[in-house]
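Asker: sequence and predicted structure are below.
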Amino acid sequence: FMKRIIFAILLITASIQAQDVCSIVRGAKLLAQDSKNTYLGKNVNFNGMKIKGKAKVTIGDNFHSGQDCVMITSYHKYDGGDAIPYDTKENIDKDIIIEDNVWLGDRVIILGGVKIGEGAIVQAGAVVVKDVPKYAIVGGNPAKVFKYRDIEHYEKLKRRKSFGKNFYNNPNFKRRKIHC
């Protein structure tokens, strides 16, 4: 089961559901607008992440993000609304699911309604607007698959449980112990 935790990062206090300790690079921020809908797996590592919107965000185990990444789960309704350019009373909320062992480069943007499959890599600067398959390497705006990981090698590392624990030995990473 997920544990309820409290992060106090700079001036933001966020209540986030997590299974384990979360690592945040020294000086980086994890900001969650509606944090009660944010769920983190084990061995999750952030270099800077902003989660905007009210829909659910689920991040799997062994996740790593680059700097200045953004997830946006709420959109303005623009058709059938009460005003132009968008409705002032109603938003559209869509969940984001990130499966295990996903790596995001710097300044990745992920829009709501997207599922990023296990083992995927998202290139720096990509804008993810649709689902990313397992093991895919995507980039661009909008993000498109341009390659797949070596699945045999990936599965071998997964069986050996080689999940990037070396990050904790890096002096630029500040491992934060979370008290439930």
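Answerer: Received the coordinates, thanks.
Asker: where do the helices of this structure begin and end?
Answerer: If DSSP state H is used as the criterion, the helices of the chain fall at 151-159.
Asker: where does the prediction get shaky in this protein?
Answerer: 1-35, 165-180 (pLDDT under 70).
Asker: now the residue minimising distance to the centre of it. Nearest residue, chain neighbours left out?
Answerer: Among the residues of the chain, residue 59 comes closest to the average C-alpha position under C-alpha atoms, centre = their mean, at 5.6 Å. Leaving aside its sequence neighbours, residue 59 sits nearest to residue 98 (C-beta to C-beta, 6 or more residues apart in numbering; 4.7 Å). Every C-beta, even on glycine, is put in place using the N, C-alpha and C of the backbone.
Asker: wait, that neighbour touches residue 118, no?
Answerer: No - judged on C-beta atoms under 8 Å, residue 98 makes no contact with residue 118 at a distance of 9.4 Å.
Asker: number of residues surrounding the closest residue to residue 78 other than its chain neighbours?
Answerer: Closest residue to residue 78 apart from its sequence neighbours, by C-beta to C-beta, 6+ apart: residue 86 at 4.6 Å. Neighbours of residue 86 under the rule other C-beta atoms under 10 Å: 14.
Asker: still on that earlier bit, separation between the residue nearest to the centre of the chain and residue 90?
Answerer: Plainly put, residue 59 is 27 Å away from residue 90 if you go by C-beta to C-beta, to the nearest Å.
Asker: looking at residue 98 and residue 118, which is more packed in?
Answerer: residue 98 (27 against 18).
Asker: what are the bridge partners for that one, then?
Answerer: residue 59, residue 116 (DSSP bridges).
Asker: show me what contacts it?
Answerer: With contacts defined as C-beta atoms under 8 Å, 6 or more residues apart in numbering, the neighbours of residue 98 are 57-60, 63, 110, 115-116.
Asker: mind checking how far it is from residue 141?
Answerer: 19 Å.
Asker: swap in residue 61?
Answerer: On the measure of C-beta to C-beta, residue 61 and residue 141 end up 28 Å apart.
Asker: picking that back up, please tell me how far the residue nearest to residue 78 sits from residue 51.
Answerer: Distance from residue 86 to residue 51, by C-beta to C-beta: 21 Å.
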